[in-house]
Structure formats: structure tokens, C-alpha cells
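[1] Could you look at this predicted model? Sequence included:
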Amino acid sequence: MKDRKTYQGSCHCGQVTFELQAKLEYVGDCNCSLCRRRGALWHFASQQDLRIIKGESELTLYQFNSMTAKHYFCRHCGIHPFIRPRLDPNKWAVNLRCIDEVDLSSLPVRRFDGANWEAAAKALYESRK
């Protein structure tokens, strides 16, 4: 894919580091109870586009509600660098706030109404048909 770049990311303390291969065209902003509280801005990535470089054993898993999404965070500093999203648990959603070289103000924001997850997911699936 043209214009793809390799980005380096990490948690706050640096125990977990990763690489993301991506063409960043927008950020996803979810208002579910967890994303709203942590302030994450997401980029969705395929399995092969995210590579954990260091610290996989330092990650802790948090799950709630349907127990489908897998929210990973550093057990030392508590930062959530990526998740396996409920919308597609075979992919990744990477918290772009964990990548210093990304100018988040330059990217358009796509909102996802995670507070009303079922209706928002249905609308998203319908828009992709």
C-alpha cells in the first residue's frame, strides 16, 4: 500500500514497545465507558501490521461486558497501547497517543458511538455493504 510508514510506539515507561505499519488517514474516537475514560484515539490494523518489539510479558489483559474485546495495558505504567477490538477481534486497534511522531491534530476524527455499541456496530456494518 502506497504511503505506508513504520511507526515506533510504546507505553509510558517504555517496558512495552511496538512497531505499526500504517497509512494514517484518520483516528477513531470511541465514547464507550472505557475509551472515554482513557482518552485513546485508535487506528485499526491487521494482524501483520502490528509487531510487539519488547515487553509482551509485561502486558496485562482487561476484559468486560461481552468479554470479546481484549484490552492490553502495561502492568507497570497502566498505559493501553493496543486492543483486539470487539468489532473485529482478529485485528488490532492501536492507541495513536502511544506514538510520539504522529501529529494527531492533522488527522480527521471518525467518531464511534461505543456508548450505544450494538446500534453503532450495526450502522457501521450496514455502511460497509
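    Received the coordinates, thanks. Numbering: from 1, shown residues only.

[2] hey, where'd the strands end up in the protein?
    5-10, 17-22, 27-30, 42-45, 50-54, 59-62, 70-74, 82-84, 92-95, 109-112 (DSSP state E).

[3] ok, and what's touching the shortest one?
    Read it as strand 82-84. 18, 42, 50, 69-72, 90-95, 98 (C-beta atoms under 8 Å, 6 or more residues apart in numbering). C-beta here means a position set from N, CA and C on the backbone, and glycine is covered the same way.

[4] possible to save the strands of the chain as CSV with distance to Lys129 and mean pLDDT?
    CSV is the format used below for the strands of the chain (distance: least, C-beta to C-beta, whole Å; pLDDT from 0 to 100):
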stretch, distance to Lys129, mean pLDDT
strand 5-10, 31, 98
strand 17-22, 25, 98
strand 27-30, 20, 96
strand 42-45, 18, 97
strand 50-54, 27, 98
strand 59-62, 32, 98
strand 70-74, 27, 97
strand 82-84, 24, 97
strand 92-95, 22, 98
strand 109-112, 18, 96
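
[5] need these in CSV with mean neighbour count and distance to Tyr125, can you?
    Shown next, in CSV, are these (neighbours: other C-beta atoms under 10 Å; distance: least, C-beta to C-beta, whole Å):
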stretch, mean neighbour count, distance to Tyr125
strand 5-10, 16, 28
strand 17-22, 19, 23
strand 27-30, 19, 15
strand 42-45, 19, 14
strand 50-54, 14, 23
strand 59-62, 13, 25
strand 70-74, 20, 20
strand 82-84, 23, 18
strand 92-95, 24, 16
strand 109-112, 14, 12
